[in-house]
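Asks: let me see the structure of the following:
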Amino acid sequence: MANHKNCPNPFQIFPFMTKKVNLYYITTASVLCAIFYLLGNWQHSGGGVASAISSSGFSRFPCTIANVIPSSAPRNAASSAFASSANVVLDFEAHHRAEDLIPTEAATAQDLHFPPCDPKFSEYTPCEDVQRSLRFDRERLVYRERHCPEKGERLKCRIPAPHGYRLPFPWPESRDKAWFANVPHKELTVEKKKQNWVRFEGDRFIFPGGGTMFSNGADAYIDDIGKMIDLRGGSIRTAIDTGCGVASWGAYLLSRDILTVSFAPRDTHEAQVQFALERGVPALIGVLASKRLPYPSRAFDMAHCSRCLIPWGQYDGAYLMEVDRVLRPGGYWILSGPPINWEKHWKGWDRKEEDLKAEQDAIESIARSLCWKKLKQKGDIAIWQKPTNHVHCKKNRKVFKFPPFCPAQDPDKAWYTQMDTCLTALPEVSDIKDIAGGELAKWPQRLTAVPPRIASGSVGVTAETFKENTDLWRSRVSYYKSLDHQLAQKGRYRNLLDMNANLGGFAAALVDDPVWVMNVVPVEATTNTLGVIYERGLIGTYQSWCEAVSTYPRTYDFIHADSVFTLYSERCDMDDILLEMDRILRPEGGIIFRDDVDILEKIKRMTDAMQYESRIIDHEKGPHEREKILLAYKQYWTAPAPKEGTDTAS
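Replies: Predicted structure coming up:
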């Protein structure tokens with residue numbers, strides 16, 4: 001072969017051709033590159049790019065990454081990998097949505113186990129367990145207060161519904177009837193037969209609306225009260241019923257737009273609070289004993305006792321002082337039954353005249369020492385009114401030296417707080433005509449008016465923030481209803497629980513639905529907002545979610561848990577909170593968890609292990625928010641049928 005150095009350079013011979021030849025080579029190379037690129041694209045697309053594009057302009061195929069072949073792999077392995085990825089189409093649409101968050105195999109629910117409890121626990125109320133209560137003092141009914149199990153005593157199983165359990169009747173039908181299988185106790189139908197509390201008919205209970213002191217029915221009894229004070233003008237919205245029976249008083253006040261918290265002890269009459277909840281009426285297990293009631297000061301517009309058997313004149317009047325603490329300025333206390341109208345009833349009550357007279361005299365004396373004014377006593381009903389401020393009351397301490405005003409303290413502190421025999425001072429006023437703490441708007445304007453506790457700055461929330469929060473929760477509840485069609489369906493849910501209520505915005509957004517919401521302010525929350533919730537005309541209670549709620553199993557149809565597990569992440573075990581939620585939720589009930597996505601993944605693993613149907617959904621603002629929503633639905637299941645010869649009904 002000739003040496004290439006001896007070959008002449010054509011551009012040296014024909015210098016004028018240089019630019020034309022360069023252009024020729026560049027053009028040829030470009031055309032060839034384009035041809036090979038198109039051929040390769042056609043081959044890898046499986047017959048055409050257009051077939052991989054949907055009508056919406058986005059790929060119908062998921063984004064797939066080809067297997068990575070190590071450089072040391074044999075040649076045929078690389079060829080196989082290349083061949084297997086021949087039909088791969090890259091898709092740049094976002095596919096990491098909230099509902100696609102699936103735990104890794106190593107973290108699935110297979111390692112979690114939440115078995116059903118023994119059927120004997122179908123009505124288990126952990127903090128009011130009858131056997132545990134026997135360890136405590138019977139003096140002043142201390143044994144009937146909350147006494148929760150220690151950590152090692154807690155059940156790690158799911159409370160079963162009784163065999164034959166059925167979804168309650170929808171409201172308002174439920175006010176008047178309940179399934180026997182749901183509350184299989186006939187004691188009250190026998191014990192209160194003549195007082196028209198409850199009757200047993202076939203497979204259900206009937207609630208005629210009667211009571212010990214209102215034989216003509218709760219409606220007629222409430223009408224009698226309405227002739228003495230205004231129940232329809234909107235100034236009375238929240239009420240508390242002590243020793244409530246089956247809560248007929250609270251049930252019939254609902255038609256007058258008055259929302260009542262009813263309570264009674266666990267075992268005075270079997271299942272009375274449980275009956276109230278089956279009826280769709282707000283109620284909790286509770287007792288006036290040695291601790292404050294779990295409500296803030298100045299909460300209720302009206303308090304009521306109808307033969308509730310509370311010894312108002314004993315213990316230096318401590319129980320009336322506690323009623324005074326939770327009554328708002330200008331609020332009413334209503335008493336019917338012994339000793340009211342004792343002159344007429346003393347023989348029927350099997351009591352001595354002098355004992356009943358002494359009892360009423362003691363009540364009258366304590367009421368005067370609290371600066372209450374007795375408005376009226378008509379027939380079997382007596383009504384007292386709390387003053388709107390303590391200007392006169394402070395002056396008359398020279399006459400009534402007892403009880404003294406309570407020393408400086410937080411009057412809203414009411415979680416395991418000892419009851420004192422002192423008068424809770426109302427906020428100072430600048431004029432004798434002012435209402436201590438600020439005047440409340442009438443209902444329904446009260447719901448959205450700026451609450452006095454916010455207007456005064458005492459809770460660290462501005463009026464603007466309050467209004468923004470109200471609007472925010474209207475929007476959020478609307479979004480919830482688009483996700484949970486049971487929540488959107490009026491009448492499907494009745495009893496609702498908000499585990500971390502803040503300002504009560506969730507409940508306020510549902511005010512036009514046929515539901516009631518128990519608003520919980522956790523005692524561990526940074527700000528105590530329960531007083532604000534009551535000033536809005538809503539109801540609620542204090543609670544630590546490291547403990548059980550003072551209520552029966554299957555109390556609530558729906559639970560809302562906003563940032564609850566973030567709040568308790570380092571305080572108590574997540575599974576204990578979830579098991580308590582499962583205990584108080586009805587079969588086929590729903591839960592909305594709202595929290596950080598990492599926490600929701602952990603919750604989902606546990607709810608899957610508890611046999612819930614659940615899915616994670618994006619925040620209402622879209623997929624870029626770390627906060628997500630977990631919808632969970634409890635399946636229907638009950639305890640097995642009892643063995644033949646076993647009587648489950650009392």
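
Asks: can we go C-alpha only for contacts and neighbour counts from here?
Replies: OK.

Asks: roughly how far does Val511 sit from Ala358?
Replies: 45 Å (C-alpha to C-alpha, to the nearest Å).

Asks: roughly how far apart are Ser248 and Thr260?
Replies: Taking C-alpha to C-alpha, one finds Ser248 at 10 Å from Thr260.

Asks: higher neighbour count, the two?
Replies: Using other C-alpha atoms under 10 Å as the criterion, Ser248 and Thr260 rank with Thr260 on top: 28 against 24.

Asks: ok, for the more buried one, nearest residue in space, not its chain neighbours?
Replies: Leaving aside its sequence neighbours, Thr260 sits nearest to Ala239 (C-alpha to C-alpha, 6 or more residues apart in numbering; 4.5 Å).

Asks: list the contacts of the one you found.
Replies: 258-261, 300-304 (C-alpha atoms under 8 Å, 6 or more residues apart in numbering).

Asks: can you pick the most crowded of those residues?
Replies: Phe300 (31 neighbours).

Asks: residues in contact with the particular helix or strand that has Ser365 in it?
Replies: Here Ser365 sits within helix 353-369, counting by DSSP states H and E. Surrounding helix 353-369, the residues in contact under the criterion C-alpha under 8 Å, 6+ apart are 312-313, 317, 320, 338-340, 342-343, 346, 373, 384, 400, 402-403.

Asks: hey, C-alpha coordinates of it in CSV?
Replies: Only the C-alpha atoms of helix 353-369 are listed here, as CSV (Å, rounded to 0.1, in the frame of the first residue of the first chain):
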residue,chain,number,x,y,z
GLU,A,353,-91.5,16.4,106.9
GLU,A,354,-88.8,17.9,109.2
ASP,A,355,-86.0,16.2,107.2
LEU,A,356,-87.3,17.5,103.9
LYS,A,357,-87.8,21.0,105.2
ALA,A,358,-84.2,21.0,106.6
GLU,A,359,-82.9,19.8,103.3
GLN,A,360,-84.7,22.6,101.4
ASP,A,361,-83.6,25.2,103.9
ALA,A,362,-80.0,24.1,103.5
ILE,A,363,-80.2,24.4,99.7
GLU,A,364,-81.8,27.9,99.9
SER,A,365,-79.1,29.0,102.3
ILE,A,366,-76.2,27.8,100.1
ALA,A,367,-77.9,29.4,97.0
ARG,A,368,-78.0,32.8,98.8
SER,A,369,-74.4,32.5,99.9
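
Asks: list the buried residues in that helix.
Replies: For helix 353-369, the neighbour count (16 or more other C-alpha atoms under 10 Å) marks 353, 356-357, 359-360, 362-364, 366-367, 369 as buried.

Asks: where is the longest strand in the protein?
Replies: With secondary structure taken from DSSP state E, the chain has its longest strand at strand 585-596.

Asks: show me what that strand is packed up against.
Replies: Judged by 3 or more C-alpha pairs under 8 Å, 6 or more residues apart in numbering; DSSP states H and E, strand 585-596 is in contact with strand 556-562, helix 564-567, strand 627-633.

Asks: could I have the helix or strand just after it exported to CSV, CA atoms only?
Replies: Counting by DSSP H and E, the next helix or strand C-terminal to strand 585-596 is helix 597-609. Extracted as CSV, the C-alpha positions of helix 597-609 are listed here (Å, rounded to 0.1, in the frame of the first residue of the first chain):
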residue,chain,number,x,y,z
VAL,A,597,-48.1,11.6,55.8
ASP,A,598,-45.4,9.6,57.7
ILE,A,599,-47.7,9.3,60.7
LEU,A,600,-50.7,8.4,58.5
GLU,A,601,-48.7,5.5,57.0
LYS,A,602,-48.1,4.1,60.5
ILE,A,603,-51.8,4.5,61.3
LYS,A,604,-52.9,2.8,58.1
ARG,A,605,-50.7,-0.2,58.9
MET,A,606,-52.6,-0.5,62.2
THR,A,607,-56.1,0.1,60.9
ASP,A,608,-55.4,-2.5,58.2
ALA,A,609,-54.5,-4.9,61.0
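
Asks: buried ones in whatever helix or strand comes next after helix 597-609?
Replies: Per DSSP H and E, the first helix or strand lying C-terminal to helix 597-609 is strand 613-617. In terms of neighbour count (16+ other C-alpha under 10 Å), strand 613-617 has its buried residues at 614-617.

Asks: angle of strand 613-617 against strand 585-596?
Replies: Here the directions of strand 613-617 and strand 585-596 differ by 20 degrees (axes from the mean of the first three to the mean of the last three C-alpha atoms, to 10 degrees).

Asks: thank you kindly, that will do.
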